[in-house]
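Chemist: based on what follows, work out the 3D shape:
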Amino acid sequence: MTRRFSREWETRLLSLVDRAVELVVESGRASGELSDRPREEAAALMAQAAEMAVELLEGRTELLERLLEQLVAQRLAGTEWVRTSEWFRRELQSVIRSGIERYRTGLESREAASPEVLAEAQAEAGEPAPPAAEPGEREEGAGDPLRRALALLFPGREVRERYAFHGTLLDYFLPQERLALAVEGRPGVRPVRQEYFCRQEGITLVVLDPATAEDAWQAARFIRRALGRTAVG
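Modeler: From the prediction side, this is the model:
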């Protein structure tokens, strides 16, 4: 599924890159070195840029560094003294890599709902909070038919289960695809409410009946048809 990016989205991404570059340039020009605070701020901005850029790359994080380097080069066009300075090139590359590392390290904790938020959403949805998971239980969901269907359709994509969403719970949410799945009748699933908020946030919601959700291949075909896809994978 290809996402169309608005001019506002592109402006936001370029603005983040611009501000990171400006911090490096201004700090270096003033003091001849990049101090810790500007370095941290620039890396934080690059982490935000990486989070946006990975959507443009459709999840191919291995291309992040190259894309961000290209964006930086575009923003420095016409600034010969910066582009030809080995010091600035080294510092900018360091900031880019630090930002990507921050993005990768903080991906789950930054985007997934905290236990407090999830508990609040479960309570509002009328679903009792589950007991604390024992070591090793996290992988049990791999046998879920819907999870297998998503692995067929979107290999390697990030998938979040029982995602807290405006006082409801989506069974699965794929942030890179802007895709949500909900199974009718499951605790916390409120299709009408979820469809409204998904539409507001540019998320495609696919609602499955329980029988379809119990068969991985049927679920994959159903999701594929709902998205207008022509082939699995």
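Chemist: what ranges do the helices span in this structure?
Modeler: Counting by DSSP state H, the chain has helices at residues 7-31, 36-56, 64-75, 80-83, 86-111, 115-125, 145-153, 191-200, 210-213, 216-227.
Chemist: comparing those helices, which gets the lowest mean pLDDT score?
Modeler: Here the lowest mean pLDDT among the helices of the chain goes to helix 115-125, at a mean of 51.
Chemist: who's residue 170 bridged to?
Modeler: residue 163 (DSSP bridges).
Chemist: picking up where we left off before, as JSON lines, the helices of the chain with mean neighbour count would be great.
Modeler: For the C-beta atoms, the positions are set from N, CA and C on the backbone; glycine is no exception. Compiled in JSON lines, these are given as follows (neighbours: other CB atoms under 10 Å):
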{"stretch": "helix 7-31", "mean neighbour count": "16"}
{"stretch": "helix 36-56", "mean neighbour count": "20"}
{"stretch": "helix 64-75", "mean neighbour count": "17"}
{"stretch": "helix 80-83", "mean neighbour count": "13"}
{"stretch": "helix 86-111", "mean neighbour count": "16"}
{"stretch": "helix 115-125", "mean neighbour count": "14"}
{"stretch": "helix 145-153", "mean neighbour count": "19"}
{"stretch": "helix 191-200", "mean neighbour count": "14"}
{"stretch": "helix 210-213", "mean neighbour count": "16"}
{"stretch": "helix 216-227", "mean neighbour count": "18"}
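Chemist: would you list these in CSV and tack on distance to residue 166?
Modeler: What follows is the helices of the chain, written out as CSV (distance: least, CB to CB, whole Å):
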stretch, distance to residue 166
helix 7-31, 22
helix 36-56, 21
helix 64-75, 30
helix 80-83, 45
helix 86-111, 16
helix 115-125, 8
helix 145-153, 21
helix 191-200, 5
helix 210-213, 22
helix 216-227, 21
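Chemist: which of those helices sits closest to residue 163?
Modeler: With CB to CB as the measure, helix 115-125 is the member of the helices of the chain nearest residue 163 (8.7 Å).
Chemist: ok so, going back, closest one to residue 175 among the helices of the chain?
Modeler: Distances from residue 175 to each of these were compared by CB to CB, and the smallest falls on helix 86-111, at 6.3 Å.
Chemist: for the closest one, packing partners?
Modeler: Helices and strands touching helix 86-111, by 3 or more CB pairs under 8 Å, 6 or more residues apart in numbering; DSSP states H and E, are helix 7-31, helix 36-56, helix 64-75.
Chemist: ok and the first one relative to helix 86-111, angle-wise?
Modeler: Angle, helix 7-31 to helix 86-111, by axes from the mean of the first three to the mean of the last three CA atoms, to 10 degrees: 130 degrees.
Chemist: now tabulate the helices and strands packed on helix 86-111 in TSV and tack on distance to residue 95.
Modeler: Conversion of the helices and strands packed on helix 86-111 to TSV gives the following (distance: least, CB to CB, whole Å):
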stretch	distance to residue 95
helix 7-31	6
helix 36-56	5
helix 64-75	9
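Chemist: returning to that earlier point: quick one: closest of the helices of the chain to residue 172.
Modeler: Each of those was checked against residue 172 via CB to CB, and the shortest separation belongs to helix 145-153, namely 6.2 Å.
Chemist: picking that back up, of the helices of the chain, give the one that comes closest to residue 181.
Modeler: The closest approach between residue 181 and any of the helices of the chain, judged by CB to CB, belongs to helix 145-153 at 6.3 Å.
Chemist: which elements pack onto the closest one?
Modeler: Contacts of helix 145-153 with other secondary structure elements, assessed using 3+ CB pairs under 8 Å, 6+ apart, are made with strand 168-174, strand 179-183, helix 216-227.
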